[in-house]
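Colleague: The following block contains a protein sequence and its predicted model.
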Amino acid sequence: MRCRRGGQRVNWWSRHRRVSTVLLAAFAAAAVTRLAASIQVSFFSAFGGAGLQVSLSYLMPLVAVIALCYGLDAKHAATEATAVRRVAALDVGLVLVCVAVFAVTIGTSWVAWPTEPGGAWQAALGDDVFLASVRNLAGFAGIACLTAVFLPRRLSALMAVGYALLAILSGVHDGNYLWWAFVVNPGDDTVAAIMATACLAAGCVTLARGDDSRRRLGAR
């Protein structure tokens, strides 16, 4: 009986969180990321001088994050109030699976259509597009989950978009990448990878606490 109730709860959660739509968006964003690797988008610099050219593949993860926030925002408060912790854990799982689907899809594309003969997975793991896009998705997802404490979840993706624009416009100064702007840093940059991973971890912790963080913020 308990297993049946658990299965029904997961099915209910899957429908309300639009899990299939979220994961399909992650898959599609990864597929387009590989195709958009050669497309460069020009932006002006907040510091003046020459602007920055950013590969469109660096920004495609925002599509997956917008879909993720769309799914996480679909709530039924009356039902979720009886299983807050379990629902929050499922939400964290959705975030991590979304990142994993994106990473596996874009990585597999190198196996199916390698740019060089042999060593397809090794080439993917050393490729700037693969590393930067997966890193950016992890960071964007973390920022969205963190800001969902004080914003509706469907709007928290706007903070990730805003951060991306801020990093593009002011994250490079005199040809040097600033430490906080992981979005525009090369894919093999260690500090940028740590920053994005820290954002994802903090966002998952915040999401796992369910509405506790939101209530505490409102009580201040």
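Modeller: Nice, I can see it.
Colleague: Please make it C-alpha for all contacts and neighbour counts, starting now.
Modeller: Noted.
Colleague: buried stuff in the strand or helix carrying residue 104?
Modeller: Element membership for residue 104 (DSSP states H and E) is helix 84-112. Under the neighbour-count criterion of 16 or more other CA atoms under 10 Å, helix 84-112 has 84-85, 87-92, 94-95, 98-103, 105-111 buried.
Colleague: all strands in this protein, in order from the N-terminus.
Modeller: All strands of the chain, identified by DSSP state E, fall at 40-43, 52-55, 172-173, 176-177.
Colleague: Buried ones in the second one, by neighbour count?
Modeller: Just to be clear, that refers to strand 52-55. Within strand 52-55, the residues scored as buried using 16+ other CA under 10 Å are 52, 54-55.
Colleague: returning to that earlier point: quick one: distance of the helix holding residue 104 to the chain centre.
Modeller: The chain centroid and the centroid of helix 84-112 are separated by 9 Å under CA atoms, centre = their mean, to the nearest Å.
Colleague: who wins for proximity to residue 157 among the strands of the chain?
Modeller: Closest of the strands of the chain to residue 157 is strand 52-55, at 20.0 Å (criterion: CA to CA).
Colleague: got the contact list for the closest one?
Modeller: Residues from elsewhere that reach strand 52-55 (CA atoms under 8 Å, 6 or more residues apart in numbering): 36-45, 168-169, 172, 184.
Colleague: for it, what is the average pLDDT?
Modeller: Average pLDDT, strand 52-55: 83.
Colleague: Put the alpha carbons of it into CSV.
Modeller: Taking Å, rounded to 0.1, in the frame of the first residue of the first chain, the C-alpha atoms of strand 52-55 are listed here in CSV:
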residue,chain,number,x,y,z
LEU,A,52,32.9,40.7,-26.7
GLN,A,53,32.0,37.9,-29.1
VAL,A,54,30.3,35.0,-27.4
SER,A,55,29.5,31.7,-28.9
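Colleague: Okay, now the sheet partners of that strand, with direction.
Modeller: Applying DSSP bridges to the sheet, strand 52-55 is found paired with strand 40-43 (antiparallel).
Colleague: List the contacts of the strand it pairs with.
Modeller: By CA under 8 Å, 6+ apart, the residues outside strand 40-43 that reach it are 51-56, 168-169.
Colleague: any low-confidence regions in this structure?
Modeller: By pLDDT under 70, the low-scoring segments of the chain are 1-10, 46-51, 75-85, 111-126, 210-220.
Colleague: follow-up on the earlier one: of the contacts of strand 52-55, buried ones?
Modeller: Buried subset of these (neighbour count, 16+ other CA under 10 Å): 36-37, 45, 168-169, 172, 184.
Colleague: Tabulate the residues you listed (TSV), appending distance to residue 191.
Modeller: Below are those laid out as TSV (distance: CA to CA, whole Å):
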residue	distance to residue 191
36	25
37	22
45	22
168	17
169	19
172	15
184	12
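Colleague: Let's see which of these end up in helices.
Modeller: The members of those that map onto helices under DSSP state H are 168-169.
Colleague: Please identify which of the buried ones among the contacts of strand 52-55 is nearest to residue 202.
Modeller: Here the nearest of the buried ones among the contacts of strand 52-55 to residue 202, counting by CA to CA, is residue 184; it sits at 20.9 Å.
Colleague: From residue 140, how far out is that closest one?
Modeller: 13 Å (CA to CA, to the nearest Å).
Colleague: go on, residue 74?
Modeller: Relative to residue 140, residue 74 is positioned 19 Å away (criterion: CA to CA).
Colleague: Mind checking which of the two has more residues around it?
Modeller: Between residue 74 and residue 140, residue 140 has the larger neighbour count (other CA atoms under 10 Å), namely 30 against 15.
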